[in-house]
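Peer 1: Need a 3D model of the sequence below.
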Amino acid sequence: MTHLRWEYLLRRPVAAYFRRKGFRWQVPEMQFYERRIDLYAFSQVYDLTLAVELKLHRWRYALKQALLYQLCSDLVYIALPAARVKSVHRAMLAEHGVGLVSVDANMRCHQVVPARASNVMRPRYRRKYIRLVKGAQ
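Peer 2: The predicted structure is shown next:
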């Protein structure tokens, strides 16, 4: 099975996790320049946007992508299988404001590092992506 297929399997529990947190408007594979955000979501209740990068491993590469996504989202997370979380440099994620979600073998999600509000987010990108998410529902 390809990495993309395994990452796809992580999307469902991660989407459900953030839906329970109030992020009801969600779109998978949202285009952002030459990248694709694995999950982009909006909470009308909290007026917050969220981007999630799903990875099976290579958390450093996921961090690079997550830093880019801070331009269009209030909060950014990386989601990894629980077995891979122990290799992540959590202080580095926290330093950059990127959150970390662990997905265990039973497909339950746990926040390991909370995301901090992006200080580089561009309001015009944010507005555009909120419209796209709402239009996709």
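Peer 1: Next up, the contacts around A66.
Peer 2: Taking C-beta atoms under 8 Å, 6 or more residues apart in numbering, we find A66 in contact with A51, E53, V76, Y77, I78, H96, V98. Just so you know, the C-beta spots here come from the backbone N, C-alpha and C atoms, and that holds for glycine as well.
Peer 1: actually R36, sorry about that
Peer 2: If you count contacts by C-beta under 8 Å, 6+ apart, R36 has them with E29, M30.
Peer 1: Which strands or helices does the helix or strand that contains P28 pack on?
Peer 2: In the assignment (DSSP states H and E), P28 maps to strand 25-32. In terms of contacts (3 or more C-beta pairs under 8 Å, 6 or more residues apart in numbering; DSSP states H and E), strand 25-32 is packed against helix 3-20, strand 35-43, helix 123-136.
Peer 1: hmm, back to that, now, which of the contacts of A66 sits nearest F42?
Peer 2: Nearest to F42 among those is A51, at 10.5 Å by C-beta to C-beta.
Peer 1: Give me the neighbour count for Y69.
Peer 2: For Y69, the neighbour count with other C-beta atoms under 10 Å is 27.
Peer 1: With the flanking residues excluded, which residue is spatially nearest to it?
Peer 2: A51 (4.0 Å; C-beta to C-beta, 6 or more residues apart in numbering).
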